[in-house]
Every structure is written in C-alpha cells, then in structure tokens.
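Novice: Have a look; sequence and predicted model below, questions after that.
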Amino acid sequence: MINQGTGRNVGVELTVEKFFNKGYYFLATGSLFDSKYEGSDGIERNTAFNNRAVGNLLFGKEFNWGAEDQHRFTIDTKLTSAGGRYFTPVDLEASRINEIEIRDEANAYSKQFDPYFRWDVKFGVKLNSTKRKFAQAFYFDIQNVTNNQNIFSQNYNRQTNEVNDVYQIGFFPNFMYRVEF
C-alpha cells in the first residue's frame, strides 16, 4: 500500500430544529454532497459514502393526562431517505474459481445500490406515580413501517456460487417496558 491518493468532499447541509417545548419537537436535516477519491492509479472514483443526498424528518408529540396530568402519551416518527451507496462489485467468475469472494477492484465503487428509505413510528405511555419516585413506561416501536427492502451489501455465496443481496432490517415491531425509580 502506498499513500499517494487524494480525496475530495464537497456539499451543503441544512438543519432546522425545534427543541422539545410545549409538548412537541421537530427536526429536519438535509445534505447534498459529492464524495470522490483518486487512487495512486490516477483514476477518480466515487467513495462508498457518495450517495449524494440524505434527508431526515423527525417529529414527536407528548400528551399529558391523568388526575394531576402526571401521565404521558407520546408519539414519535422518523423518516429517512438517502441516495444509494456505491459499492465494488463481486467478480463472480474469479470468486467461483477461487471459492472465496473476490471483488472487482478495477471497478471499485462503480455500482450503486437503490436509494434508501425508512419510516419508523413509536407510541408510548408513561405512568408516573404521584406518591413515589416511580414510573413505568410501555412503548410500541414499529421500525421500517413500509417494509422497504434496503440493500446492505452483496456477497458471494460459496454454496450456490452466486452473488446474494443482504438486506437491512425489514418491518420490525418491537414492544418495550421500562421501570424508572
């Protein structure tokens, strides 16, 4: 390895935030960018992180209830969208011959996954005791509500001699219970 390459990252980012106050919060972020590198071979390529755009929207609302407004009902949601990540493709023929995954380094970061999208929603109830320093909370967290199939990577499978997509988490409901004292 010889460290004779260069890298270049340019872009702009915007964040708008309303801190939690009066029972709700809001956050919106957006980034537009370009990320390239030039290796010692003199060829400029995309970096693995050059998905060119990322956006996030978060919103949460809290409702008080109970005899002394001591209990809370909450709803939180988050939307994330990003351009597809670049990756180095598997050299299928070389991988089959050598029976191990081999990447096509001559075409480093030349392929791009589909854009990423995910929507999460969480509902919660927090019951606060008026007599003791004790609270219990119940949450129902639904991750990837739309069950969008976001690709994490592509890998060579030695058993099938094929390249398989590896996906990130799909639709995932999660129940949580928390005790605070």
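Specialist: Received it, and whenever you're ready, just let me know what you need.

Novice: Residue 99 is in contact with residue 156, isn't it?
Specialist: No - Residue 99 is not in contact with residue 156 according to CB atoms under 8 Å; the separation is 9.2 Å. The way it works is simple: take the backbone N, C-alpha and C, and place the C-beta from them, glycine included.

Novice: Among the two, which residue is more densely surrounded?
Specialist: The neighbour comparison of residue 99 against residue 156 (other CB atoms under 10 Å) goes to residue 156, with 21 against 10.

Novice: For the more buried one, name its beta-bridge partners.
Specialist: Under DSSP bridges, the beta-bridge partners of residue 156 are residue 163.

Novice: so how far is residue 84 from it?
Specialist: 20 Å (CB to CB, to the nearest Å).

Novice: So which elements touch the helix or strand containing residue 17?
Specialist: Assigning secondary structure by DSSP states H and E places residue 17 in strand 6-21. Helices and strands touching strand 6-21, by 3 or more CB pairs under 8 Å, 6 or more residues apart in numbering; DSSP states H and E, are strand 24-38.

Novice: avg pLDDT for the strand it packs on?
Specialist: Strand 24-38 shows a mean pLDDT of 97.

Novice: and if you look at stretch 174-181?
Specialist: 96.

Novice: what's that stretch in contact with?
Specialist: With contact meaning CB atoms under 8 Å, 6 or more residues apart in numbering, stretch 174-181 is reached by 132-143.

Novice: try 6 Å
Specialist: Residues from elsewhere that reach stretch 174-181 (CB atoms under 6 Å, 6 or more residues apart in numbering): 134-141.

Novice: can you check stretch 147-167 too?
Specialist: 90, 92, 95-96, 99, 101, 113, 116-117, 168, 170-171.

Novice: and that stretch, which residues are buried?
Specialist: 148, 150, 154, 156 (16 or more other CB atoms under 10 Å).

Novice: ok, now which ones touch residue 16?
Specialist: Counted by CB under 6 Å, 6+ apart, residue 16 has contacts residue 28.

Novice: Distance of it relative to residue 135?
Specialist: 32 Å.

Novice: got it, and residue 163?
Specialist: Residue 163 is 50 Å from residue 135, by CB to CB.

Novice: circling back to that earlier point, only C-alpha atoms, please: export the strand holding residue 17 in CSV.
Specialist: Extracted in CSV, the C-alpha atoms of strand 6-21 (Å, rounded to 0.1, in the frame of the first residue of the first chain):
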residue,chain,number,x,y,z
THR,A,6,-6.3,12.2,-2.8
GLY,A,7,-9.9,12.7,-1.7
ARG,A,8,-12.5,15.5,-2.2
ASN,A,9,-15.8,16.0,-0.3
VAL,A,10,-18.0,19.0,-1.2
GLY,A,11,-21.5,19.7,-0.2
VAL,A,12,-24.1,21.7,1.8
GLU,A,13,-26.2,20.8,4.8
LEU,A,14,-29.3,22.4,6.3
THR,A,15,-30.8,21.6,9.7
VAL,A,16,-34.0,23.1,11.1
GLU,A,17,-34.8,22.2,14.7
LYS,A,18,-37.5,23.0,17.3
PHE,A,19,-36.3,21.8,20.7
PHE,A,20,-38.8,20.0,22.9
ASN,A,21,-41.2,22.6,24.2
